[in-house]
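Enquirer: any chance you can model this:
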Amino acid sequence: MGDTQNGEKKTAMGDTSDLCEKREDVGVPSIEAVETERKRLRRGKYYRRALRGTLSVLVVVAAIAVLVTTLFLPILQISGDSMSPTLEHDEIVVLFKTNSLKRGDLVAFYYQGKILLKRVIALPEETVVIDGKGNVYVNEQMLEEPYVLEKSLGDCDLQFPYVVPAASYFVLGDQRTNSVDSRNSVIGTIKIEDIIGKIFVRVWPMSRIGFVN
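Expert: Now for the predicted structure:
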């Protein structure tokens, strides 16, 4: 009887020891594990803050870019070939908003709800004459126009000499044979208040990026 009871007690004690070992396996994480988890959480918070900060900066930069291009540096895409070879169809240019212009400037202006691009030839109150060969004279001085490939009187219904009205500009396209411009009374001279600004840089295509003159 005594041996049997002792044996049962040993078995019971052995079972209790196994349970204790199992409890130890499922015990509290080590200090190293806790510290690793803390570092992971801190990194996650840091990356989230950095991402939010970066997105905020990008939003501000984009807003400033839109504001600048709207108020000071409008972007236009060329349509047609009246300014060829200086500006070609589908090229993209940036304007500088100003109404302080000089002879030779390329300008954009409003005309019947559209935006047209031409070159300033004569300033307010100057006298213009264009002869049958397409030579342009301003104040009796013939202009040197290296930007024109083929001179032409073009679509002209003006009586020369023509005096440019005050606060207006006489403009021509560089492609003189097919440009409708100040030579025709349909468009006439351009008033200062209709001028958007002057073109100063081409941004597309990549092969022709640069200042325009």
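
Enquirer: for this protein, what spans make up the helices?
Expert: Ranges of helices in the chain, per DSSP state H, are 2-25, 31-71.

Enquirer: looking at these, which has the lowest confidence?
Expert: Mean pLDDT is lowest for helix 2-25 among the helices of the chain, at a mean of 47.

Enquirer: tell me how many other residues surround Leu106.
Expert: 23 (other CB atoms under 10 Å). In this view, the C-beta of every residue, glycine as well, is placed from N, C-alpha and C.

Enquirer: correct me, but it touches Arg202?
Expert: No - between Leu106 and Arg202 there is no contact under CB atoms under 8 Å: 10.3 Å.

Enquirer: shared neighbours, the two?
Expert: Overlap of the contact sets of Leu106 and Arg202 (by CB atoms under 8 Å, 6 or more residues apart in numbering) consists of Leu87, Val212.

Enquirer: residues contacting Thr36?
Expert: Applying CB under 8 Å, 6+ apart, no residues contact Thr36.

Enquirer: the nearest residue to Leu106 once chain neighbours are set aside: how many residues sit nearby?
Expert: Distances taken as CB to CB, 6 or more residues apart in numbering place Ile199 nearest to Leu106, at 4.2 Å, with adjacent residues excluded. Ile199 sits with 25 neighbouring residues when counted by other CB under 10 Å.

Enquirer: quick check: Ile199 touching Leu101?
Expert: No - Ile199 lies out of contact with Leu101 (CB under 8 Å); the separation is 11.3 Å.

Enquirer: tell me, what's touching these two both at once?
Expert: Val107.

Enquirer: could you report the neighbour count for Arg208?
Expert: Neighbour number of Arg208 under other CB under 10 Å is 13.

Enquirer: now it. Nearest residue, chain neighbours left out?
Expert: Leaving aside its sequence neighbours, Arg208 sits nearest to Arg202 (CB to CB, 6+ apart; 5.6 Å).

Enquirer: contacting residues for the nearest residue to Val163 once chain neighbours are set aside?
Expert: Leaving aside its sequence neighbours, Val163 sits nearest to Thr127 (CB to CB, 6+ apart; 5.3 Å). In this structure, Thr127 makes contact with Val138, Asn139, Glu140, Pro161, Tyr162, Val163, Val164, judged by CB under 8 Å, 6+ apart.

Enquirer: could you measure from Val93 over to Pro146?
Expert: 20 Å (CB to CB, to the nearest Å).

Enquirer: the more surrounded of the two?
Expert: Neighbour count, other CB under 10 Å: between Val93 and Pro146, Val93 has more, with 21 against 5.
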